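Engineer: can't give you the sequence, but here's the structure:
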């Protein structure tokens with residue numbers, strides 16, 4: 001009986017220590033979130049670009065056009081499984097870079113991910129599809145291992161950003177996962193309030209850098225950075 005009690009106490013102590021270490025690590029990551037990285041490197045950064053239907057993809061293409069694209073390479077474009085138009089637009093954008101820079105071909109890759117919930121889908125069946133989307137997102141993140149996650153509002157970005165945050169908290173070198181920085185740019189259509197995706201990433205401190213395009217949004221959310229209209 002005493003041996004059983006000792007074993008139980010050992011297990012409880014191990015669990016308590018593990019939870020404490022993870023909590024400290026999580027608080028440390030939350031402290032660093034939103035702070036600019038102190039390390040500067042001339043090496044290009046593997047970048048995951050999350051696309052969304054409607055105006056999200058158009059805004060993302062405008063955002064990418066003002067970046068130093070050689071600093072964000074290779075690039076991986078991800079859209080929802082039912083969103084072929086966004087991937088087509090990203091291919092056209094990459095082709096334009098090829099012609100502009102005079103290189104032989106683009107190194108960009110284009111992927112699709114399961115949606116957590118389709119428009120009009122019941123909440124009961126969406127439980128299964130959400131779990132499927134999370135599992136798919138986990139597989140993609142392990143496969144891509146991005147250093148930068150760039151998104152601007154589609155719900156598709158939520159499982160990818162959450163997994164990037166958890167990898168950051170766990171620092172899973174065993175899987176070869178690098179530290180992923182999440183950059184979120186709120187849509188220009190959001191004038192007075194954040195989108196649901198933006199609100200979740202902001203409130204949960206998941207986005208390392210959070211940008212808004214209207215000053216009133218920055219006043220409501222002081223951790224956000226006002227960058228003006230990017231359109």
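Structural biologist: Right, received. Where do you want to start? On a predicted model such as this, the values are computed, not experimentally measured, just so you know.
Engineer: Am I right that residue 45 is in contact with residue 145?
Structural biologist: No: counting by C-beta atoms under 8 Å, residue 145 is not a contact partner of residue 45; they are 11.5 Å apart. In short, each C-beta sits where N, CA and C put it, glycine included.
Engineer: just the helices in the chain please.
Structural biologist: 2-32, 55-65, 84-101, 123-144, 157-170, 196-203, 215-220 (DSSP state H).
Engineer: Name the stretch among those helices that sits most buried.
Structural biologist: helix 157-170 (a mean of 22; mean count of other C-beta atoms under 10 Å).
Engineer: mind checking how far that helix is from the chain centre?
Structural biologist: Distance of helix 157-170 from its chain centroid, counting by C-alpha atoms, centre = their mean, to the nearest Å, is 7 Å.
Engineer: now for that helix, which elements pack on it?
Structural biologist: When contacts are defined as 3 or more C-beta pairs under 8 Å, 6 or more residues apart in numbering; DSSP states H and E, helix 157-170 sits against helix 2-32, strand 47-50, helix 123-144, strand 148-151, strand 181-185, helix 196-203.
Engineer: what's near enough to touch the most centrally placed residue in the chain?
Structural biologist: In the chain, the residue lying closest to the centroid (C-alpha atoms, centre = their mean) is residue 161, at 3.2 Å. Contacts for residue 161 (C-beta atoms under 8 Å, 6 or more residues apart in numbering) come out as 149, 151, 182, 184, 201, 206-207.
Engineer: State whether residue 75 and residue 47 are indeed in contact, as I suppose.
Structural biologist: Yes: using C-beta under 8 Å, residue 75 is in contact with residue 47, at 5.1 Å.
Engineer: Low-confidence bits of this protein, can you list those?
Structural biologist: Scanning the chain for pLDDT under 70 picks out the ranges 1-41, 102-105, 117-121, 123, 171-178, 231.
Engineer: Distance-wise, check the residue nearest to the centre of the chain relative to residue 56.
Structural biologist: Here residue 161 is placed at a distance of 15 Å from residue 56 (C-beta to C-beta, to the nearest Å).
Engineer: Ok, residue 112 next?
Structural biologist: As judged by C-beta to C-beta, residue 112 and residue 56 stand 15 Å apart.
Engineer: do the same with residue 111
Structural biologist: Taking C-beta to C-beta, one finds residue 111 at 16 Å from residue 56.
Engineer: do residue 49 as well
Structural biologist: Separation of residue 49 from residue 56 (C-beta to C-beta): 11 Å.
Engineer: Quick check: chain neighbours aside, which residue is closest to residue 162?
Structural biologist: residue 206 (6.4 Å; C-beta to C-beta, 6 or more residues apart in numbering).
Engineer: The one you found: how many residues sit nearby?
Structural biologist: 23 (other C-beta atoms under 10 Å).
Engineer: cool, the one 5 residues further on as well?
Structural biologist: Neighbour count of residue 211, defined by other C-beta under 10 Å: 20.
Engineer: show me the contacts for it.
Structural biologist: 183-186, 224-227.
Engineer: Skip the chain neighbours and tell me the closest residue to it.
Structural biologist: Leaving aside its sequence neighbours, residue 211 sits nearest to residue 185 (C-beta to C-beta, 6+ apart; 4.6 Å).
Engineer: do residue 158 as well
Structural biologist: residue 197 (5.9 Å).
Engineer: Kindly confirm whether my reading is correct that the one you found touches residue 159.
Structural biologist: No: shown here, residue 197 and residue 159 do not form a contact pair, counting by C-beta under 8 Å, at 10.9 Å.
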